[in-house]
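Trainee: Got a predicted model here, sequence first, then my questions.
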Amino acid sequence: MKQFDNLLKHVQDLKEDFEKFYMKDNKTAGTRIRKGMQDLKEMAQKIRLEVQDKKNNAVDKPAPKTVKK
C-alpha cells in the first residue's frame, strides 16, 4: 500500500504544474508535467510487477465455505 500512497502523493504534487500549464500557459510547467508523468509510469510499472509477483506466488487458499440457509 505504501507504493500506492506514494503514487497518489506524486499525482497531487503535479496538480499545481497542470494548473500552471493549462490555465496560465506556462511552458516550463509542461516540461515538469512530462517528467512527472514519466515518473508515474515507472512507479505504476513497479506496482504492477509487485502485484503480479504476489498473485503468482500466493499460496492457494481454499475458498471460504458458504452456509446455505
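Mentor: Received the coordinates, thanks.

Trainee: Quick check: phi and psi at Asn26.
Mentor: Dihedral angles of Asn26 (phi, psi; degrees, to the nearest 10) stand at phi -90, psi 110.

Trainee: you'd agree it is up against Glu19?
Mentor: No. Here Asn26 does not reach Glu19: they are 9.0 Å apart, not a contact under Cβ atoms under 8 Å. C-beta coordinates here come from the backbone N, C-alpha and C atoms, glycine included.

Trainee: Compare neighbour counts for these two and give me the winner.
Mentor: Remark: of Asn26 and Glu19, Asn26 carries more neighbours, 15 against 12, as counted by other Cβ atoms under 10 Å.

Trainee: any idea how far the closest residue in space to that one that isn't next to it in sequence is from Gln38?
Mentor: Closest residue to Asn26 apart from its sequence neighbours, by Cβ to Cβ, 6 or more residues apart in numbering: Lys20 at 4.1 Å. Separation of Lys20 from Gln38 (Cβ to Cβ, to the nearest Å) stands at 18 Å.

Trainee: And for Ala58?
Mentor: 31 Å.

Trainee: Kindly report the same for Tyr22.
Mentor: Distance from Tyr22 to Gln38, by Cβ to Cβ: 19 Å.

Trainee: Which single helix of the chain contains the most residues?
Mentor: Criterion DSSP state H: the longest helix present in the chain is helix 27-57.

Trainee: who are the neighbours of that helix, in terms of helices and strands?
Mentor: If contacts are counted by 3 or more Cβ pairs under 8 Å, 6 or more residues apart in numbering; DSSP states H and E, helix 27-57 sits against helix 2-24.

Trainee: Next, the angle from the helix it packs on to helix 27-57.
Mentor: 160 degrees (axes from the mean of the first three to the mean of the last three Cα atoms, to 10 degrees).

Trainee: Give the buried residues for helix 2-24.
Mentor: Residues 7, 14, 17, 20-21 are the ones in helix 2-24 that count as buried (16 or more other Cβ atoms under 10 Å).
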